[in-house]
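Q: Here you go, sequence then predicted model.
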Amino acid sequence: MSNPLVQYILLRSDLLKDLGWSIGALVAQACHASSAALHLFRDDENTKQYLNDLDNMHKVVLEIPDEESLKKIAKKLEENSISHKLWIEQPENVATCVALKPYPKDEVKKYVGKFKLYKTTMNA
């Protein structure tokens, strides 16, 4: 498929690097946001198609520097009618992650293309 359906997840890097959250906690944030977006947009045709081929789902986790940047991209997505879920972790009331519903890659590249793949260095 030349323009595959992809679910983009934008995850704050400062949670790990500056605020001391564990990798497990970060993974949980991405899972919460992804699950919520898939549930919220479950009747969308792209979402249905994406979920009908579970063994070939494409997810891309991108790094976003901080809460302000995360809220800014969520606002831009909303202004452009790009369906997404901004995950607010409770009870801390902290925005941690944004997950888009599945979209053809080319359709949302201009909104997420400037962000890098989420990477962390592991100290063995």
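A: Received it, and whenever you're ready, just let me know what you need.
Q: tell me what the host helix or strand of residue 77 is packed against?
A: Element membership for residue 77, per DSSP states H and E: helix 67-79. Counting contacts by 3 or more Cβ pairs under 8 Å, 6 or more residues apart in numbering; DSSP states H and E, helix 67-79 is packed against strand 5-12, strand 84-89, strand 94-100, helix 105-112. Just so you know, the C-beta spots here come from the backbone N, C-alpha and C atoms, and that holds for glycine as well.
Q: let's see 7 Å
A: strand 5-12, strand 84-89, strand 94-100 (3 or more Cβ pairs under 7 Å, 6 or more residues apart in numbering; DSSP states H and E).
Q: how about those in TSV, adding mean pLDDT and distance to residue 36?
A: Below are the helices and strands packed on helix 67-79 laid out as TSV (pLDDT from 0 to 100; distance: least, Cβ to Cβ, whole Å):
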stretch	mean pLDDT	distance to residue 36
strand 5-12	98	11
strand 84-89	97	4
strand 94-100	97	7
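Q: circling back: now the helix holding residue 77 - C-alpha only, CSV.
A: The C-alpha trace of helix 67-79 is given here as CSV (Å, rounded to 0.1, in the frame of the first residue of the first chain):
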residue,chain,number,x,y,z
GLU,A,67,3.1,20.3,27.3
GLU,A,68,2.9,23.7,25.6
SER,A,69,4.0,22.2,22.3
LEU,A,70,1.5,19.3,22.7
LYS,A,71,-1.4,21.6,23.4
LYS,A,72,-0.3,23.8,20.4
ILE,A,73,-0.4,20.9,18.0
ALA,A,74,-3.7,19.7,19.4
LYS,A,75,-5.2,23.1,18.7
LYS,A,76,-3.7,23.1,15.2
LEU,A,77,-5.2,19.7,14.5
GLU,A,78,-8.6,20.8,15.8
GLU,A,79,-8.5,24.0,13.6
